[in-house]
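Novice: sequence first, predicted coordinates after that:
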There are 2 protein chains.
Amino acid sequence: MPTPAVILDRSRLQANCERMAQRAAHAGVSLRPHLKTAKSAEVARIATAGQTGGITVSTLAELAYFFDAGFRDMTYAVGIVPSKLPAIARFIEQGARINVVLDSVRAADEIAGHAGAPIPVLIEIDCGGHRAGVAPESSELIDIAERIASAPGLRLEGVLTHAGHSYHAADAAARGEIAIAERDAALRAAERIRGAGMSCPTVSIGSTPTALTDISLDGVTEIRPGVYVFFDLSQARLGVCGVDDIAVSVLATVIGHHREAGHLLVDAGALALSKDISANEYDPQVGYGLVCDIDGQPVEGLHVADVHQEHGFVRSAAGDLPFDRFPVGTQLRILPNHACMTVAPYREYHVLDAGSARLTKWSKTYGW
Amino acid sequence: MPTPAVILDRSRLQANCERMAQRAAHAGVSLRPHLKTAKSAEVARIATAGQTGGITVSTLAELAYFFDAGFRDMTYAVGIVPSKLPAIARFIEQGARINVVLDSVRAADEIAGHAGAPIPVLIEIDCGGHRAGVAPESSELIDIAERIASAPGLRLEGVLTHAGHSYHAADAAARGEIAIAERDAALRAAERIRGAGMSCPTVSIGSTPTALTDISLDGVTEIRPGVYVFFDLSQARLGVCGVDDIAVSVLATVIGHHREAGHLLVDAGALALSKDISANEYDPQVGYGLVCDIDGQPVEGLHVADVHQEHGFVRSAAGDLPFDRFPVGTQLRILPNHACMTVAPYREYHVLDAGSARLTKWSKTYGW
């Protein structure tokens, strides 16, 4: 098989999805998986098994792809702007339910004039990550809610928050504190909206690191984790999973040896792996990815130390590089720092089933 | 127009291509542009105007795309491995000339048994970047040349080198020295192959920073620069171009304000801009890209300071952020650090013509 390509381990994917489904079931909340990670209908069907079927997306390309694949309940979780409304309205007219997200009166004003069936709107809450969202105690929260509730083209659906800063939690205790802050910010915002006489049916939180704590989620209605379907080195370094839970790897081929410089080259570089090095925050020897043999077993100390566009430089952090073990033409598998970034540009997955030598192709979308 | 999207300024592209074509003409060498940057047939036609029509590519997807677009002379400039030969042989059977690249006797052995028309092979030379290639004075160079020359399935076409380390040159003098080293390494390797009684018709060098020096290229037959078609902030910081020569920008929309945190959010994040921050090596205030208004004029101090998957955080390095100038819904254009990385995942270009309000779509390939 030509490389680079993404290999997906079906049994690990299945186990990861079951783990999150059980967490949601035990907590009494719906699971609305964020498909920005996998961008794949086959993965989405596994991730939504036993759930309501609702998913989360981050691009119009994902919205169109999942609509074509039969998904009819999607939250587009990036702040809505008017230029994206025509595409969204088209899916709504065809029977889909698309929740949109915003965090200002201005943004609500911009889409309030929308003609056609009312669009359900979630107000984004800042739970401490300070990316987007209004503070749960802010006066703007009520202003936005009232603006939505009074616009004929909109319907106030609830509140949504995302604890992205959990990706940088120092330890399990810090992660737990962020999970509590995330939950409490969303609950408090919902309480204030209801206290002002408006309905707030949805209380949506979620990120993989915070979802995988055991705090009570009473009052929360859904979680929206994404990267858990695959996991990656960043999640492993956070302690959220083990390295042997990681379901995706980049298949690469050794294309050269440079004995003097102490590296071998593979045909997976900056585009095939991405330039994300987030796991190095916890372990600086991860580089652009950990190198495994063709069976997926990590090779002690082997990592991608540098990348050019289509070249990866594999070095050893454990003594001399075993050049003779990996002659030109050898295929290797590289575990990614951040699965969402790594798999995004690929056109498809090659799915590995235990006990079968054949790989199955699964579809995915890409781009915008 | 929904965002993110890549805007391509046709007049800047044209000027950049003319500049490199003139450099090649003055130096008396062919220009074989590296289309790993643009991945677009429309761009390739402009870049090869007045040339032999030969191009350079870095993936099998590019090879197939450019073959379909009518290109028949391509160098696949990533070390060849057997798993890629069937695809390459298929294009050769259909009348294309595909040069492949390798740097070891082992790699030559791996493809020597190839049946069908002989494949032209370039030996990769290390000119100091220490990525791939053999040293021009090495005994291995002659061993490889002899192995290729004696294999019925192969034909020794020449030598190829790439001074990738020129991207990190401290100043123009250092860049000039790298250009000389690049040229001399290729010339010396060719001289040794010829001295051993073999022919070496092609002497191929090239990177944008080294091609845009004024050294003599006597003895060189072709140059293979790539990023010059678009240029980017890295090239501007190297002094190879001006910021106003950069032909590509990412069109993004303001999706939120976070006044307390001091940023506005745009819908161009880590995937839309890439995580490449190479220009920060020279100017740490570039971040993930410089922000321009919709007309392409840089806004003093405005840059993308951080990125999440589909979110970019715009901050100001020149005092307070002018929130009121950029309300939610405003479109901005972001100049990339490294054009090759930024444009790669997009499905198409939107081409801006001077004096026209309409954007034209140009095709491109992506993935592998």
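Specialist: Looks like it arrived, so ask away. Note that the structure is a prediction, hence the values are computed from the model and not measured.
Novice: residues touching whatever residue of the stretch 201-350 of chain A ends up closest to chain B, list them.
Specialist: As assessed by C-beta to the nearest C-beta, chain B sits closest to A:Ile255 within the stretch 201-350 of chain A, at 3.4 Å. For the C-beta atoms, the positions are set from N, CA and C on the backbone; glycine is no exception. Residues near A:Ile255 by C-beta atoms under 8 Å, 6 or more residues apart in numbering or on different chains: A:265-267, A:311, A:328, B:78-81, B:107, B:132.
Novice: mind running it again at 6 Å?
Specialist: A:265, A:267, B:79, B:81 (C-beta atoms under 6 Å, 6 or more residues apart in numbering or on different chains).
Novice: which one is it nearest to, not counting chain neighbours?
Specialist: Closest residue to A:Ile255 apart from its sequence neighbours, by C-beta to C-beta, 6 or more residues apart in numbering or on different chains: B:Gly79 at 3.4 Å.
Novice: quick check: the one you found is in a helix.
Specialist: No: B:Gly79 is assigned coil when assessed by DSSP: H, G, I helix; E, B strand; the rest coil, not a helix.
Novice: next one, pLDDT for it please.
Specialist: B:Gly79 is assigned a predicted lDDT (pLDDT) of 97.
Novice: quick check: mean pLDDT of the helix or strand that contains A:Val6?
Specialist: Assessed by DSSP states H and E, A:Val6 sits inside strand A:5-9. Computed over strand A:5-9, the mean pLDDT rounds to 98.
Novice: buried stuff in the following helix or strand past it?
Specialist: Downstream of strand A:5-9, the first helix or strand assigned by DSSP H and E is helix A:10-27. Within helix A:10-27, the residues scored as buried using 16 or more other C-beta atoms under 10 Å in any protein chain shown are A:10, A:12-13, A:16-17, A:20-21, A:23-24, A:27.
Novice: of these, closest to B:Lys361?
Specialist: A:Leu13 (36.0 Å; C-beta to C-beta).
Novice: surely that closest one meets A:Asp245?
Specialist: No: with contact defined as C-beta atoms under 6 Å, A:Leu13 does not count as touching A:Asp245 (9.9 Å).
Novice: hmm, back to that, save the buried residues of helix A:10-27 as CSV, and put in distance to B:Cys241 too.
Specialist: Converted to CSV, those look like this (distance: C-beta to C-beta, whole Å):
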residue, distance to B:Cys241
A:Arg10, 48
A:Arg12, 46
A:Leu13, 45
A:Asn16, 46
A:Cys17, 48
A:Met20, 48
A:Ala21, 53
A:Arg23, 52
A:Ala24, 52
A:Ala27, 55
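Novice: got a markdown table for those residues, with distance to chain B too?
Specialist: Converted to a markdown table, the buried residues of helix A:10-27 look like this (distance: C-beta to the nearest C-beta, whole Å):
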| residue | distance to chain B |
| --- | --- |
| A:Arg10 | 22 |
| A:Arg12 | 22 |
| A:Leu13 | 20 |
| A:Asn16 | 19 |
| A:Cys17 | 20 |
| A:Met20 | 19 |
| A:Ala21 | 23 |
| A:Arg23 | 22 |
| A:Ala24 | 22 |
| A:Ala27 | 25 |
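Novice: if we can go back for a sec, now, which of the contacts of A:Ile255 sits nearest A:Gly176?
Specialist: A:Asp267 (41.5 Å).
Novice: surely that closest one and A:Leu251 touch.
Specialist: No: taking C-beta under 6 Å as the definition, A:Asp267 is not a contact partner of A:Leu251, at 9.8 Å.
Novice: joint contacts of those two?
Specialist: A:Thr3.
Novice: the two: which is more packed in?
Specialist: Using other C-beta atoms under 10 Å in any protein chain shown as the criterion, A:Asp267 and A:Leu251 rank with A:Asp267 on top: 27 against 23.
Novice: got the contact list for A:Ser207?
Specialist: A:162-163, A:166.
Novice: got it, and A:Thr52?
Specialist: A:Thr52 is in contact with A:Ser30, counting by C-beta under 6 Å, 6+ apart.
Novice: could you report the separation of it from chain B?
Specialist: As judged by C-beta to the nearest C-beta, to the nearest Å, A:Thr52 and chain B stand 24 Å apart.
Novice: the residue nearest to A:Ile255 - how many residues pack around it?
Specialist: Applying other C-beta under 10 Å, we find 26 residues neighbouring B:Gly79.
Novice: that one contacts A:Val254, doesn't it?
Specialist: No: the pair B:Gly79 / A:Val254 is not scored as a contact, 8.9 Å apart, by C-beta under 6 Å.
Novice: check what pLDDT A:His114 gets.
Specialist: At A:His114, pLDDT is 84.
Novice: which non-adjacent residue is nearest it?
Specialist: In space, A:His114 is closest to A:Gly153, 3.8 Å off (C-beta to C-beta, 6+ apart).
Novice: likewise A:Gly242?
Specialist: A:Ala236 (6.2 Å).
Novice: for the stretch 201-350 of chain A, which segments count as strands?
Specialist: Applying DSSP state E, counting those that start in this stretch to the stretch 201-350 of chain A gives strands spanning A:202-205, A:222-223, A:248-258, A:263-266, A:290-292, A:298-307, A:312-316, A:331-335, A:348-352.
Novice: name every strand pairing with the fifth one and say which way it goes.
Specialist: Taking DSSP bridges as the criterion, strand A:290-292 forms sheet pairs with strand A:298-307 (antiparallel), strand A:331-335 (antiparallel).
Novice: wait, what's in contact with the closest residue in space to A:Pro345 that isn't next to it in sequence?
Specialist: Spatial nearest neighbour of A:Pro345, chain neighbours left out: B:Pro345 (4.5 Å); criterion: C-beta to C-beta, 6+ apart. Shown in contact with B:Pro345 (C-beta under 6 Å, 6+ apart): A:345, A:367, B:366.
Novice: cool, thanks, talk later.
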